[in-house]
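Quick one: sequence plus predicted model below, questions after.
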Amino acid sequence: MWINEASRCFDFEADFMGSWRCIPLCVRRKLDLAGIKLKLRHWLALDHRERQQLVDWRDGPEDLRALAVHLKQRTTGMTDGPVGELPIPRTPLWRRSQPPGAVTAALGAMGRTMNQDQWRRLSELERFSLCKLARPGHDHHNLAPALAEFKVR
């Protein structure tokens, strides 16, 4: 079954889907690829329809450029000021052939491992999600549910 990764939300994100009180990982991936730093306060200042529009936004190169322009324009008058810009990675960690060190370290702390074949079998959005969920300083509370949902053994 084909899944539209650009707007796919995971079961472990279900507690805020619908209300969109947090930025879902599919949107966070698009933001990273567009070089945009959208604060949670920006996100919450958008109405429900606008948040849904960002979830549904396509993720092709032209779409991501349009997303950056849209968000810069849309947030210009907000209390927190406009969105910030981030460098767009040439080869993002989640697109590399090996699981990044932060992922292997977080899994190791859970008594788990991930080899290159397991990493490669994951979708790009799943790999992106693991990179975000395994960041140092992150509470990692969704890491185990993500691994179960992605069927990582």
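Yes, it's here. Not measured: the values here are computed from a predicted model.

Assign Q73 to helix, strand or coil.
With DSSP: H, G, I helix; E, B strand; the rest coil as the basis, Q73 sits in helix.

since we're on it, how many residues are nearby?
11 (other Cβ atoms under 10 Å). C-beta coordinates here come from the backbone N, C-alpha and C atoms, glycine included.

Roughly how far does it sit from A66?
Counting by Cβ to Cβ, to the nearest Å, the gap from Q73 to A66 is 11 Å.

likewise G84?
Counting by Cβ to Cβ, the gap from G84 to A66 is 18 Å.

again, but for D11
D11 is 29 Å from A66, where distance means Cβ to Cβ.

When these two are compared, which one has more neighbours?
A66 (14 against 10).

Contacts only, for the more buried one.
Residues in contact with A66, defined by Cβ atoms under 8 Å, 6 or more residues apart in numbering, are absent; none qualify.

Pretty sure it sits in a strand.
No: the secondary structure assignment for A66 gives helix rather than a strand, going by three-state DSSP.

Who's the closest spatial neighbour of the most centrally placed residue in the chain, skipping the chain neighbours?
Within the chain, one residue has its C-alpha closest to the average C-alpha position: by Cα atoms, centre = their mean, that is L25, at 3.0 Å. In this structure, L25 finds its nearest non-sequential neighbour in S129, 4.7 Å apart by Cβ to Cβ, 6 or more residues apart in numbering.
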